[in-house]
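Student: When you get a sec, could you give me coordinates for this:
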Amino acid sequence: MSGRVWLAMSVLVLGGCRIVSQQELADLKNPPNPQMANITSTYQQKIVPQVLKEAKPLGEVMKELAAAKTFDDACKQFGYRSQEENPCVFTVKVSGTVSVVNTTSRSGKMTVKDVSGQEVVVQIGPIIRGTALRDVYRGASYQDFNDQVMFGDYGKAINTLASNEVKKLQPKVGDSVEVDGVFSSWDLPQTPPDITPARVVRQQESAHGAE
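Tutor: Down below sits the predicted model:
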């Protein structure tokens with residue numbers, strides 16, 4: 001085959017190619033997950049509304065758990081878990097007065113004296129620990145992600161959005177607040193575990209919002 005023919009074939013082959021960027025190569029190996037791309041709208045339009053819809057007064061939930069025969073029964077009736085090997089997540093509403101706000105560490109917390117008489121700790125961040133908000137959401141599961149690391153990042157992103165909402169409120173001791181949030185447990189709790197909030201509002205703001 002002559003040199004001219006080889007040259008013509010080379011031109012034809014190269015003419016159908018283009019340079020692929022490093023980012024495109026990375027995306028081909030590990031395509032961006034749409035769940036991560038839409039995390040803010042998912043949190044605001046799906047996760048928070050789900051929690052608000054399902055939240056039951058803390059005192060009521062604790063009574064139901066205390067009366068349950070087994071933890072599995074309690075989880076099926078009052079909680080949610082996507083898989084048997086996961087902790088159960090319970091959705092609660094806390095209404096009461098802030099008695100303590102502790103922001104000495106980045107894992108900030110506040111204590112609320114609930115109308116049921118129980119004191120409950122609410123995570124306020126900026127670092128919120130655990131994955132209860134991620135795990136309670138029925139619209140996504142591990143199967144929707146490429147790997148455990150990305151699923152973990154999804155939970156961290158949700159927690160960051162929750163922390164940002166609390167930061168806007170800047171709760172203070174003496175505030176009357178309403179918290180809609182979740183806690184997870186492996187067994188029947190005797191006292192309320194720390195709450196991860198999906199929404200925190202001052203009670204007068206909650207009343208105005210209901211009008």
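Student: Kindly list the longest strand within the protein.
Tutor: Ranked by residue count, the top strand of the chain under DSSP state E comes out as strand 88-102.
Student: Go through that strand and flag the buried ones.
Tutor: 88-96, 98, 101 (16 or more other CB atoms under 10 Å). Any C-beta I mention is one placed from the backbone N, CA and C, and that applies to glycine too.
Student: D187: which of these is nearest?
Tutor: Proximity of these to D187 (CB to CB) peaks at C88, which lies at 9.1 Å.
Student: thinking again about what came up before, give the next helix or strand downstream of the longest strand of the chain.
Tutor: strand 109-114 (DSSP states H and E).
Student: what are the pairing partners of that next one, and which direction each?
Tutor: Here strand 109-114 is paired, per DSSP bridges, with strand 88-102 (antiparallel), strand 119-123 (antiparallel).
Student: Pretty sure S82 sits in a helix.
Tutor: No: per DSSP: H, G, I helix; E, B strand; the rest coil, S82 lies outside any helix segment and is coil.
Student: Dump the longest strand of the chain to PDB, restricted to CA.
Tutor: As requested, the backbone C-alpha atoms of strand 88-102 are provided in PDB (Å, rounded to 0.1, in the frame of the first residue of the first chain):
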ATOM      1  CA  CYS A  88     -34.500   2.400  62.700                       C
ATOM      2  CA  VAL A  89     -35.300   6.000  62.200                       C
ATOM      3  CA  PHE A  90     -38.200   7.700  64.100                       C
ATOM      4  CA  THR A  91     -39.700  11.100  63.000                       C
ATOM      5  CA  VAL A  92     -40.700  13.400  65.900                       C
ATOM      6  CA  LYS A  93     -41.900  16.900  66.600                       C
ATOM      7  CA  VAL A  94     -40.400  18.700  69.600                       C
ATOM      8  CA  SER A  95     -42.100  21.800  71.000                       C
ATOM      9  CA  GLY A  96     -40.700  23.700  73.900                       C
ATOM     10  CA  THR A  97     -38.200  26.100  75.300                       C
ATOM     11  CA  VAL A  98     -34.500  26.200  74.700                       C
ATOM     12  CA  SER A  99     -32.600  25.700  78.000                       C
ATOM     13  CA  VAL A 100     -29.100  25.300  76.700                       C
ATOM     14  CA  VAL A 101     -27.200  26.300  73.600                       C
ATOM     15  CA  ASN A 102     -23.700  24.800  73.400                       C
END
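Student: all strands of the protein, in order?
Tutor: With DSSP E as the criterion, the chain has strands spanning 56-57, 79-80, 88-102, 109-114, 119-123, 176-185, 196-202.
Student: Let's have those strands in CSV, adding distance to D147 and mean pLDDT.
Tutor: Below are the strands of the chain laid out as CSV (distance: least, CB to CB, whole Å; pLDDT from 0 to 100):
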stretch, distance to D147, mean pLDDT
strand 56-57, 35, 97
strand 79-80, 24, 95
strand 88-102, 22, 97
strand 109-114, 31, 97
strand 119-123, 26, 97
strand 176-185, 22, 97
strand 196-202, 24, 96
